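> I'd like to go over a predicted model; first the sequence, then the structure.
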Amino acid sequence: MNSTAIAANGLRKAYGDKTILEGIDLNIGAGTIFALLGPNGAGKTTTVNILTTLSKADGGSARVAGYDIATETKAVRASIGVTGQFAAVDDLLTGEENLQLMADLHRLRGADRKRVVTGLLERFDLLESARKPAASYSGGMRRKLDLAMTLVTKPEIVFLDEPTTGLDPRSRRTMWEIVRELTSEGVTIFLTTQYLEEADQLADRIAVLDQGRIVAEGTADDLKRRVPGSYIAFRFDQLAELRAAAAALPDASSDDEALTLRVPGSGGSAFLRDLLDRLAASGLEAAEVSIHTPDLDDVFLALTGHATTEAAR
């Protein structure tokens with residue numbers, strides 16, 4: 001696979017008179033985690049359905065793993081794995097039987113089939129429950145089994161459509177660890193989520209989708225720097241130092257009780273270096289320096305005019 005795992009240009013989709021996607025562009029590097037962040041109805045699942053060939057776009061084009069989604073659907077499907085917010089697990093089968101069924105569908109036989117199934121059960125910590133009905137599994141176990149089934153074919157790209165919706169915090173963090181492991185092995189992850197913390201923790205790049213349009217894209221830090229409210233804080237050991245620093249940095253606000261000076265700014269390296277140079281020129285050195293930026297909640301609210309929700313789509 002080349003350095004670009006997913007490339008899309010002008011993807012559009014409508015159902016009747018309701019427009020879902022209004023021409024979105026994507027360029028996702030191989031071996032990275034890309035998060036599509038947005039509220040209910042933003043178009044996240046529609047985007048996944050189009051890129052995984054489950055739905056046809058009304059306009060635009062895209063290539064996944066180097067293959068055209070419109071003309072090379074079989075090659076696309078052979079290169080990807082898809083896990084949705086509702087686990088595609090057969091409750092009447094055991095965990096082991098679910099994996100065996102998936103292996104059979106992909107024509108794995110004999111020793112190869114056993115090796116793959118056993119390896120995935122071990123990897124996802126499901127060996128002890130392997131022969132129990134999937135109906136008895138917790139939500140976190142079902143989600144792990146669903147992802148394990150997706151990995152039977154060792155896909156180059158894995159689409160995770162809101163994979164942690166409804167999970168408890170511990171199960172969610174377990175899924176995060178698994179996602180990080182996959183990318184360390186070179187797998188590309190396309191993640192859709194409503195959870196701001198999830199995008200912040202996992203994604204190399206984030207696109208904010210709202211009402212069918214991508215309204216911003218970048219790293220989590222890039223997006224946070226777009227929102228007013230960033231500042232650099234300097235803490236001093238003595239009140240006299242604080243007051244001298246306030247004189248050297250007249251745009252700052254000071255807190256005498258906390259011995260802290262706050263300077264509004266982006267937190268970029270050049271800006272920070274300039275502030276440190278100005279303090280040094282006055283013979284001052286801070287005991288502690290910290291950079292504070294808005295979180296993704298602030299970013300989303302500023303970009304879209306409303307907050308995300310954490311209800312399942």
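Sure thing, it's come through.
> what's the spacing between the helix or strand bottoming out on mean pLDDT in the chain and its chain's center?
Lowest by mean pLDDT, DSSP states H and E among the helices and strands of the chain is helix 296-304, with a mean of 79. Chain-centre distance of helix 296-304: 16 Å, with CA atoms, centre = their mean, to the nearest Å.
> Same check on stretch 189-205?
2 Å.
> again with stretch 158-178
11 Å.
> Quick check: Pro155 is in a strand.
No: Pro155: not assigned to a strand; according to DSSP: H, G, I helix; E, B strand; the rest coil it is coil.
> Name the nearest residue to it, sequence neighbours excluded.
Using CB to CB, 6 or more residues apart in numbering and skipping the chain neighbours, the partner closest in space to Pro155 is Gly81 (3.8 Å). In short, each C-beta sits where N, CA and C put it, glycine included.
> pull the longest helix from the chain.
helix 169-184 (DSSP state H).
> hang on, the earlier thing: CA atoms only for the least confident helix or strand of the chain, dumped as PDB, please.
In PDB, the C-alpha atoms belonging to helix 296-304 read as follows (Å, rounded to 0.1, in the frame of the first residue of the first chain):
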ATOM      1  CA  LEU A 296     -11.900  19.700  21.800                       C
ATOM      2  CA  ASP A 297     -15.300  20.500  23.400                       C
ATOM      3  CA  ASP A 298     -14.500  24.100  23.100                       C
ATOM      4  CA  VAL A 299     -13.200  23.600  19.500                       C
ATOM      5  CA  PHE A 300     -16.400  21.900  18.400                       C
ATOM      6  CA  LEU A 301     -18.600  24.500  20.000                       C
ATOM      7  CA  ALA A 302     -16.600  27.300  18.400                       C
ATOM      8  CA  LEU A 303     -16.600  25.700  14.900                       C
ATOM      9  CA  THR A 304     -20.200  24.500  14.800                       C
END
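> outside of it, which residues touch it?
Residues outside helix 296-304 that contact it (CB atoms under 8 Å, 6 or more residues apart in numbering) are 37, 39, 196-197, 199-200, 206, 208, 210, 215-216, 220, 223-224, 226-229, 294, 307-308.
> what's around Arg143, how many residues?
29 (other CB atoms under 10 Å).
> Show the model's pLDDT score for it.
Reported pLDDT at Arg143 in the predicted model: 88.
> I figured it hits Ser171, correct?
Yes: counting by CB atoms under 8 Å, Ser171 is a contact partner of Arg143 at 7.0 Å.
> okay, and the common contacts of the two?
Thr164.
> Could you grab the helix/strand/coil label for Arg63?
Judged by three-state DSSP, the three-state class of Arg63 is strand.
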